[in-house]
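Asker: How does the following fold in three dimensions:
(one chain, ligands or ions: 1)
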Amino acid sequence: MDSLLQQIESLKQEIGSYQARNAEELEQFRIKYLGAKGLVKSLMGEMKNVSADRKKEFGQVLNEFKQFTESRYEELRNLSMNGHGASEGKAPSNQPDLSLPGDPIPIGSHHPISLMRDRMIAIFQRLGFAVAEGPEIEDDWHNFTALNLPEHHPARDMQDTFYISTDPAWLLRTHTSNIQIREMQKGKLPLRIICPGRVYRNETVSARSHCFFHQIEGLYVDENVSFADLKQTLYFFVKEMYGNDVKIRFRPSYFPFTEPSAEMDISCQLCNGEGCNVCKHTGWVEILGCGMVHPKVLENCGIDPGKYTGYAWGMGIERPALLKYGINDIRLFSENDIRFLKQFTSAI
Ligand code: DAH
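Answerer: Numbering: from 1, shown residues only. From the prediction side, this is the model:
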């Protein structure tokens, strides 16, 4: 009996200092001491060998030992659940360590054309322009005829058009000017809109041109709108986009849908006007066409040109994006090479 008491004493020490570093070790503890064939059970079995006069004493010691072992087991279990089970303060391996940083989730990036488009829209929105959109598959009237480009007009050849092969009355729009027409037809004046969108032309794909690209059209129709208003709007845009040091010039030009018409150049942002490949050594880069909406175009949309006047412009998004990001090949925008695309992150 005394040797049993000694054994219990040393087991208590062993149990008191037992450390469970993980669930497996905790389970080992349970099996070894509290399991069906565990030490507590087998000591209970010794009861029958103890002499009658000491049974009571031994029973008490055994009970106390059992409680001690059970509460130590609870203690170890709580420790491991709270993530402090390991002797060196590490989390037990079966429990998630909630203090670890999470796995990064790749969230992608904005396309540089979208970034540029949104920058442009944000600037014009501050001037009170609303965004309007229109269809990419368009009929001849909205893309050409209404814009004062009747059939056989030579200017139609300037825009190499993709016609829908099964029905050539339909085409892929060659510019965003179709949206001007659709918005003016709605008959709500005054009208102050910008129209971003994708356009298509049957051009050979090269570093400088593509068979599809993007434009933003602008249109303001009201009473007493003048060319001076147009210039102020475009000046504001260019200064906001490129800063105060940029130089601007207007050149007279021709578009069937505007009269008078002009093209606007800005000093080359890549060489600061000193001459480089992008500006073809002129120091200037053309960024848009513009003018006063032709009276015939207003008439085509049911607007009285005696009462209303309007200005319009159309500019590409690709070229300003090339200038802004220092890219020299327009094809990169549509090749979907993630290594290229993921470099453009910042918002407006
Ligand atoms: N639609 C013309 C083009 O794609 C651009 C343009 C020029 C639009 C003058 C206009 C404008 O609204 O007034 O080349």
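Asker: When you work out contacts or count neighbours from here on, use the C-alpha atoms and nothing else.
Answerer: Will do.
Asker: Residues contacting whichever helix or strand residue 198 is part of, please?
Answerer: Using DSSP states H and E, residue 198 sits within strand 191-200. Taking contacts as C-alpha atoms under 8 Å, 6 or more residues apart in numbering, the residues outside strand 191-200 that touch it are 117, 121, 124, 128-134, 136, 161-162, 172-176, 179-180, 184, 211-222.
Asker: tell me the phi and psi of the closest residue to the ligand within the stretch 51-200 of the chain?
Answerer: Closest to the ligand within the stretch 51-200 of the chain is residue 175: 4.5 Å, counting by C-alpha to the nearest ligand atom. With angles defined as degrees, to the nearest 10, residue 175 sits at phi -160, psi 170.
Asker: OK, contacts around it?
Answerer: 143, 198, 199, 200, 215.
Asker: Local confidence estimate at the first one?
Answerer: According to the model's per-residue confidence, residue 143 sits at a pLDDT of 96.
Asker: mind listing which of the contacts of strand 191-200 are in helices?
Answerer: Members of the contacts of strand 191-200 lying in helices (criterion: DSSP state H): 117, 121, 124, 179, 180, 184.
Asker: and those, which two are the farthest apart?
Answerer: Greatest spacing in these, by C-alpha to C-alpha: 117 and 184 (22.8 Å).
Asker: Could you list the contact residues of the stretch 201-348 of the chain toward the ligand?
Answerer: 217, 258, 289, 290, 291, 312, 313, 314 (C-alpha under 6 Å from any ligand atom).
Asker: correct me, but the second one touches residue 290?
Answerer: The one in question is residue 258. Yes - if you go by C-alpha atoms under 8 Å, residue 258 and residue 290 touch, sitting 7.3 Å apart.
Asker: what separates residue 345 from the ligand, distance-wise?
Answerer: 29 Å (C-alpha to the nearest ligand atom, to the nearest Å).
Asker: Give the burial count for that residue, as a bare number.
Answerer: 13 (other C-alpha atoms under 10 Å).
Asker: who touches it in this structure?
Answerer: 109, 110.
Asker: Confirm that it lies within a strand, as I assumed.
Answerer: No - assessed with DSSP: H, G, I helix; E, B strand; the rest coil, residue 345 is coil; it does not lie in a strand.
Asker: all strands in this structure, in order from the N-terminus.
Answerer: Assigned by DSSP state E, the strands in the chain fall at 130-131, 137-139, 170-172, 191-200, 212-222, 248-255, 258-267, 284-293, 309-316.
Asker: Now distance to residue 9 too, for the ones you listed, in TSV please.
Answerer: Compiled in TSV, the strands of the chain are given as follows (distance: least, C-alpha to C-alpha, whole Å):
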stretch	distance to residue 9
strand 130-131	85
strand 137-139	91
strand 170-172	92
strand 191-200	85
strand 212-222	86
strand 248-255	96
strand 258-267	93
strand 284-293	92
strand 309-316	89
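Asker: Tabulate the ones you listed in TSV, adding columns for mean neighbour count and mean pLDDT.
Answerer: Listed next are the strands of the chain as TSV, based on neighbours: other C-alpha atoms under 10 Å; pLDDT from 0 to 100:
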stretch	mean neighbour count	mean pLDDT
strand 130-131	16	98
strand 137-139	19	97
strand 170-172	19	95
strand 191-200	22	98
strand 212-222	22	98
strand 248-255	15	96
strand 258-267	20	96
strand 284-293	23	96
strand 309-316	24	98
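Asker: picking that back up, which residues do residue 258 and residue 290 both contact?
Answerer: By the contact definition C-alpha under 8 Å, 6+ apart, residue 258 and residue 290 are jointly contacted by residue 312.
Asker: thinking again about what came up before, residue 264: which of the contacts of residue 175 is nearest?
Answerer: Looking across the contacts of residue 175 and measuring by C-alpha to C-alpha, the closest to residue 264 is residue 215, at 14.9 Å.
Asker: And the chain, what are its domain boundaries?
Answerer: The chain resolves into domains spanning 2-89, 112-341 when parsed by automatic domain parsing.
Asker: Would you mark the buried spots in stretch 15-26?
Answerer: 15, 19, 20, 21, 22, 23, 26 (16 or more other C-alpha atoms under 10 Å).
Asker: same thing with stretch 265-278?
Answerer: Result for stretch 265-278 [16+ other C-alpha under 10 Å]: buried residues 265, 266, 267, 268, 269, 270, 273, 275, 278.
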